[in-house]
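Q: Make a model of this:
(2 chains)
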Number of protein chains: 2
Amino acid sequence: MVSQLTDLSDGRSLAELAQNLVNLPSPSGNETSLADAIEALLRGSGHLEVIREGNTVAARTSLGRPSRIVWAGHIDTVPAHGNDVATVSDGVLWGRGSVDMKSGIAIGLKLAVEMTKPSVDVTWIFYDNEEVESARNGLGLFGAAHPDWVVGDMAIVGEPSNGVVEGGCNGTLRVEVSATGTRAHSARSWMGENAIHRAFPILKRLVSYQPATIEVDGLSYREGMNAVGITGGVAGNVIPDLCTVTVNYRFSPDKSIDEAIAHLRELFHDYDVVVVDEAPGARPGLNNSLVQDFVRAVNAEVAPKFGWTDVARFGQWGTPALNYGPGDPSLAHADDERVAIADIEACYQGLKAWLSAHPS
Amino acid sequence: MVSQLTDLSDGRSLAELAQNLVNLPSPSGNETSLADAIEALLRGSGHLEVIREGNTVAARTSLGRPSRIVWAGHIDTVPAHGNDVATVSDGVLWGRGSVDMKSGIAIGLKLAVEMTKPSVDVTWIFYDNEEVESARNGLGLFGAAHPDWVVGDMAIVGEPSNGVVEGGCNGTLRVEVSATGTRAHSARSWMGENAIHRAFPILKRLVSYQPATIEVDGLSYREGMNAVGITGGVAGNVIPDLCTVTVNYRFSPDKSIDEAIAHLRELFHDYDVVVVDEAPGARPGLNNSLVQDFVRAVNAEVAPKFGWTDVARFGQWGTPALNYGPGDPSLAHADDERVAIADIEACYQGLKAWLSAHPS
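A: Next up, the predicted model:
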């Protein structure tokens, strides 16, 4: 299948390339074969400078253009679940990774090889381990090792966005809110204090919480406040002394991490609150002229990104970033993951036109 | 230590016997050595017929008395926790099993051997595996194998009761009450239905529930309704589709199991309710003349038993039963488990007097 992938140089179509990429399995942690193939393909293109860090492969032009953009896409997928072989039917590509995000990788690879003289300098990053914990994220590790390779005037993350330009992203915070009590035998429950019963107000506040929708740079970010876990109980005959609710707060990029934490500490001021995970949001950067030009060129709708994506990493590195890729993100990780080939083509043409004609 | 135990025949005191029993470890499932010693001791007493079933040893007199009582005590303990060696200080016996219930076993063993001509016929049962799941309970297995050995006009379970006569016991029911929802990515929580949030009314009903106190045969049984476990959550970024609350209902012996289940199904009528554990209560039997006579003879306070004990097994076998033993049951299983030797002595004297003088 690697031989099929590298057949791109023989004029293989975008759809065939996407299909071949699906047929080359790369679940997180097992991306070596795919990274090898990508590296070979890019090194075969004389206009690109190529480096590799682990299973992350990056390539860039250096044409002395006044602007540089960074395009990034992850090459890993969640594990297949009976959908490890690509099929095409009625113009739709099915299979693991078809939408998240081997269609996007096909676009990035094809443009990286084809666009020998883009109107802006481009850095292409194909990275591993996006679907797992943040500490293993290939883009994060690559950016730490090669900070000069991740900065630019604008970044595009190729995650599926239904062909819409999604700007910025909400931040996410996960905290454990715990109620405590006193153990007792449940036959004499009045001797103890039931921590699960004492957690009742935590759920009450979550149920009655009205999440805000906040406008940032012209986009409306919808927040969310949810219990994503609850645990309590010692044994079937014991009044429990601890009940912990894990709360996930998705907050608008108008707030810092510290502000988000303060908001949760206020909401649960009478409980123990422990922060277990945090990631800042990213403002959409729509006040940036290059971003505005891109949005006009691809003629796409602009929407806020609710989920946390690697767009936020670029935000931390000082590069305005947006999300633009083919396919419905709600089908990501699904057993019936699929993408219309026409949508891949449309996204490819949009990017290609801008990279060809941008007046920089 | 076995040799110490069998020294009873040399006139070893009740306190020494209790101490030696503590020094002979018998955590549940490891009662063989102790059962061997008990069997040897009882077989050495010519007035007793002895049988053994697994690690349960039983002995009985057959003097043709008009009444027969059954005395039962478990010989296992929960595992020691730094308290596997008995110590005596200021008239108090310390160590694993001192209260639950090797002091009671000492009383039963001493009386079984000494009372060659009790005023009622007596069946003595020393059984294993009381501290573990009901299916392994030695009394239950013994009663199933030898049903004629567990019936009588009255039964006494020697569990610690602070020297008070405790009548009957509450029943216990454990059910899982589940709220369901629809999974979604927590970044777009409005696409799902949060099952933990939907479990809020379950906790609300538990918190506002007013447990009843119900009089049965002159004793007041206090009920209890508690969450003893709660679980929900798929992952830190997923709106959960299931939240399960484990509810323990301790119900008065005026109710059957079916009535208790119906009560819970009514309380949580709009949720899935699955029964995971059940044990009926036992009425105190204080309208039985033999029980009344016993209570008068030992001159003890009479109180309801809240916790479920093997008293309920005798109830199911048609034998009125009560609980009478030395020591504070709230110290059972505790690291500082202990019992005053004077309390062991008092309980022993009460039983001995009644077995000697009962006018049957």
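Q: Could you use CA atoms for every contact and neighbour count after this?
A: Fine.
Q: Skipping its backbone neighbours, what lies nearest A:Ala187 in space?
A: Spatial nearest neighbour of A:Ala187, excluding adjacent residues (C-alpha to C-alpha, 6 or more residues apart in numbering or on different chains): B:Gly307 at 4.7 Å.
Q: my guess is the one you found meets A:Arg188, correct?
A: Yes: between B:Gly307 and A:Arg188 there is a contact under C-alpha atoms under 8 Å: 7.2 Å.
Q: What parts of the stretch 51-200 of chain A come near chain B?
A: A:Arg174, A:Ser186, A:Ala187, A:Arg188, A:Ser189, A:Asn194, A:Ile196, A:His197, A:Phe200 (C-alpha under 8 Å from any C-alpha of the partner chain).
Q: Buried ones among the residues you listed?
A: Among these, those classed as buried by neighbour count (16 or more other C-alpha atoms under 10 Å in any protein chain shown) are A:Arg174, A:Ser186, A:Ala187, A:Arg188, A:Ser189, A:Asn194, A:Ile196, A:His197, A:Phe200.
Q: before we move on, the earlier item: for burial, what's the neighbour tally of the residue nearest to A:Ala187?
A: Residue neighbour count, defined by other C-alpha atoms under 10 Å in any protein chain shown, stands at 18 for B:Gly307.
Q: now A:Gly91
A: Using other C-alpha under 10 Å as the criterion, A:Gly91 is surrounded by 12 other residues.
Q: What of the one 3 residues further on?
A: Each residue near A:Trp94 was counted by other C-alpha under 10 Å, and the total is 24.
Q: what does A:Asn288 give?
A: Neighbour count of A:Asn288, defined by other C-alpha under 10 Å: 13.
Q: residues touching it, list them.
A: A:Pro320 (C-alpha atoms under 8 Å, 6 or more residues apart in numbering or on different chains).
Q: now do 10 Å
A: A:Asn288 makes contact with A:Asp153, A:Met154, A:Pro320, A:Ala321, according to C-alpha atoms under 10 Å, 6 or more residues apart in numbering or on different chains.
Q: cool, and A:Pro240?
A: For A:Pro240, the contacting residues are A:180-186, A:189, A:192-197, A:232-234, B:226-230, by C-alpha under 10 Å, 6+ apart.
Q: Now which of those would you call buried?
A: So, by 16+ other C-alpha under 10 Å, the buried ones in the contacts of A:Pro240 are A:180-181, A:183-186, A:189, A:192-197, A:232-233, B:226-230.
Q: give the contact list for the residue lying closest to A:Thr77 once chain neighbours are set aside.
A: Sequence neighbours aside, A:Pro27 is the residue nearest to A:Thr77 in space, at 4.7 Å (criterion: C-alpha to C-alpha, 6+ apart). With contact set as C-alpha under 10 Å, 6+ apart, A:Pro27 has these partners: A:Ile75, A:Asp76, A:Thr77, A:Val78, A:Pro79, A:Ala80, A:Arg96, A:Gly97, A:Asp128, A:Asn129, A:Glu131.
Q: related to what we said a few turns ago, now the common contact residues for B:Gly307 and A:Arg188.
A: What both B:Gly307 and A:Arg188 touch, as defined by C-alpha under 10 Å, 6+ apart, is the set A:Asn237, B:Arg250.
Q: Filter the contacts of A:Pro27 down to the ones in strands?
A: The members of those all map outside strands under DSSP state E.
Q: got a winner among the residues you listed for most neighbours?
A: Within the contacts of A:Pro27, A:Gly97 tops the neighbour count with 37 neighbours, counted by other C-alpha under 10 Å.
Q: surely that one meets A:Arg338?
A: Yes: at 8.2 Å, A:Gly97 counts as touching A:Arg338 under the criterion of C-alpha atoms under 10 Å.
Q: Wait, a strand at A:Ile261?
A: No: using DSSP: H, G, I helix; E, B strand; the rest coil, the assignment for A:Ile261 is helix, not a strand.
Q: For burial, what's the neighbour tally of it?
A: 20.
Q: contacting residues for it?
A: Shown in contact with A:Ile261 (C-alpha under 10 Å, 6+ apart): A:Leu173, A:Arg174, A:Val175, A:Tyr249, A:Lys255, A:Leu267, A:Val273, A:Val274, A:Val275, A:Glu278.
Q: can you pull the contacts of the last one?
A: If I follow you right, that is A:Glu278. A:Glu278 is in contact with A:Gly171, A:Thr172, A:Leu173, A:Arg174, A:Val175, A:Asn248, A:Tyr249, A:Arg250, A:Ile257, A:Asp258, A:Ala260, A:Ile261, counting by C-alpha under 10 Å, 6+ apart.
Q: in what helix or strand does the closest residue to A:Thr116 other than its chain neighbours lie?
A: Leaving aside its sequence neighbours, A:Thr116 sits nearest to A:His47 (C-alpha to C-alpha, 6+ apart; 6.0 Å). Following DSSP states H and E, there is no helix or strand that holds A:His47.
Q: Before I go, just wanted to say thanks for your time.
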